[in-house]
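Undergrad: Generate a structure from the sequence data that follows.
(chains A, B, C and D)
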2 protein chains.
Amino acid sequence: MDSNEIQDLADLLKALGEVNRLSLVCRLCDCKVPQNAMCLCSCCSVDASGVSRHLKVLAQTGIVHVEKQGRTRNYSLNRAFVATQLRSLASRIESQQERP
Amino acid sequence: MDSNEIQDLADLLKALGEVNRLSLVCRLCDCKVPQNAMCLCSCCSVDASGVSRHLKVLAQTGIVHVEKQGRTRNYSLNRAFVATQLRSLASRIESQQERP
DNA sequence: GGATTATTTGCATGTTTGTGCATATATGAA
DNA sequence: TTCATATATGCACAAACATGCAAATAATCC
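TA: Have a look, this model is predicted:
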């Protein structure tokens, strides 16, 4: 794993590693259909502008997908992407390698 | 997942989500035997005191295990713990639940 | 004992980050 | 067009964080 990969992975983990953002992610876990920000507001203790900013971070790191529709934006989890990244790190951590 | 669990998981992810700490973790991935801080210094761009602090964070969140031996401390990954946490989140993210 | 090595900690500092509020932009509805 | 709703953004601010340096602690070696 080169240093760029480590940096990218760190960005992903950091994005997930904030309570309100993780709450948003967990909320989105349970949703079959994309949700807008107003609807997501209720699950974390920040105002609409805060939620907007958190969702932006999640979108920039590829954790959520945004779909513009009228005056709302609908957010959904990039389930496969996030799960793959987490599982890949889990596997790497579980398998000890060559170093003494 | 209640809010305490979310907070704990966020702490874990935040601890992993800093480049130098993640570099330390990746380095430890490859090691069969516990490593001391001096040895781990070489894999990230901070001085010994910085490494000491990072390792402390990793220990406090249960990511690494510390074993005091003489004047050195030997660090090893809590592989099963970390992998389980990551996989559990991955599973939760992959399986959509009841909410509309 | 004194010197050396490993690690921790206090301090100062600069940076990042999360937040609310007010305002701006954008879109839809009346 | 005017009003209401959804989201984004500029600003200010406090809290958290990463960092290096110097000093402290701890343990081994001579």
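Undergrad: what about stretch A:6-25, near DNA strand D?
TA: No - Stretch A:6-25 stays clear of DNA strand D (CB under 7 Å from any atom of the strand), getting no nearer than 8.6 Å. For every residue, glycine as well, the C-beta is placed using N, CA and C.
Undergrad: Is DNA strand C within reach of that stretch?
TA: Yes - residues of stretch A:6-25 are located near DNA strand C by CB under 7 Å from any atom of the strand, namely A:Lys14, A:Glu18, A:Asn20, A:Arg21.
Undergrad: residues in contact with the second one?
TA: With contact set as CB atoms under 8 Å, 6 or more residues apart in numbering or on different chains, A:Glu18 has these partners: A:His54, B:Ala10, B:Lys14.
Undergrad: The lengthiest helix in chain A - what's its average pLDDT?
TA: Longest helix in chain A by number of residues (criterion: DSSP state H): helix A:79-94. Taken as a whole, helix A:79-94 carries a mean pLDDT of 98.
Undergrad: buried stuff in that helix?
TA: Along helix A:79-94, these residues count as buried under the neighbour rule (16 or more other CB atoms under 10 Å in any protein chain shown): A:Arg79, A:Phe81, A:Val82, A:Ala83, A:Gln85, A:Leu86, A:Arg87, A:Leu89, A:Ala90, A:Arg92, A:Ile93, A:Glu94.
Undergrad: what's the nearest residue to A:Asn36 if we skip its chain neighbours?
TA: Excluding the flanking residues, the one nearest A:Asn36 by CB to CB, 6 or more residues apart in numbering or on different chains is A:Thr72, at 4.2 Å.
Undergrad: I'd guessed that neighbour sits against A:Leu40; true?
TA: No - using CB atoms under 8 Å, A:Thr72 and A:Leu40 do not qualify as a contacting pair, with a distance of 11.1 Å.
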